[in-house]
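K.L.:
Quick check, what structure comes out for this input:
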Amino acid sequence: MVTEPTIMPLPSPLGADVGSSPVIRPLAESDLPNLFAFIRGLSFATRYFRFGHGDYDPEQHGARQGCLLAPEQGLHLIALVDTDGCEVVVGSARYVIQPGKTSCEFAIVVADSWKHHGIGHRLMDALSNRARAQGLRTLFGRILESNQEMIEFVRSYGFEISDGPEGPWQKIAVLNL
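P.N.:
This next block holds a predicted model:
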C-alpha cells in the first residue's frame, strides 16, 4: 500500500537550518512524493500561473511521466533545503527539448515563502548552463500576460518578451544561449 506523504507547510527561509542554502540537483524518482507535496503547498495563484489551474494536483494530472525526463528529453531540477533533518523541495525548474533539438521550453516555480531569495535565479542559471552544454541554442517559455512577476523575472535575466501567437494574453520569453 502506497501512503500519501504528509503535507506540511513549506518552510520559510527563516525556518531552514541556519547557514543552509538550497541545494539544486536533478530530480530523482524518489523525489516525486516531496515534489508533489511542494506543488500542493503552493498558493492557488502560484499554481495557476505555473500550471494553468489554481487547483492543480499533480497526481490527478499524470505529472509523474512529465516530471521524469530522460537526458535526450530534457532536464528537471529541484531546489532543496534541510528542515529539521528532512529535505524539503522549495523550487522546481525544467526544460523540455523541442523537435529539431536546438531549442527547449522551460518552466520554473518557487515556493511562495521562498520567492525573492535568489532560488529562481539559481535554478535559471543551472537550466541555461545545462541547456547550453547540451548544445541547445534557445530557451523559451510561455507566460500569462497577467503574471507580471514572472515577466519581470525573465526580463531581468535577459529574455526577450513578445506576444504569443494566440494573442497578447500570452507572452513568449526567449533567451538565446
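K.L.:
Is the nearest residue to V109 once chain neighbours are set aside part of a helix or strand, or is it coil?
P.N.:
Nearest residue to V109 in three dimensions, chain neighbours excluded: R50, at 4.3 Å (C-beta to C-beta, 6 or more residues apart in numbering). Just so you know, the C-beta spots here come from the backbone N, C-alpha and C atoms, and that holds for glycine as well. Following DSSP: H, G, I helix; E, B strand; the rest coil, we place R50 in the helix state.
K.L.:
wait, R50 sits on L42?
P.N.:
Yes. In this structure, R50 is within contact of L42 by C-beta atoms under 8 Å, at 7.3 Å.
K.L.:
so what's in contact with those two at the same time?
P.N.:
V109 (C-beta atoms under 8 Å, 6 or more residues apart in numbering).
K.L.:
What's the mean pLDDT across the lengthiest helix in the chain?
P.N.:
Across the chain, the longest stretch assigned as helix under DSSP state H is helix 119-133. What helix 119-133 shows for mean pLDDT is 94.
K.L.:
Quick one: work out the angle between whatever helix or strand comes next after that helix and helix 119-133.
P.N.:
Scanning forward in sequence from helix 119-133 by DSSP states H and E, the next helix or strand is strand 138-144. Taking axes from the mean of the first three to the mean of the last three C-alpha atoms, to 10 degrees, one finds strand 138-144 and helix 119-133 inclined to each other by 140 degrees.
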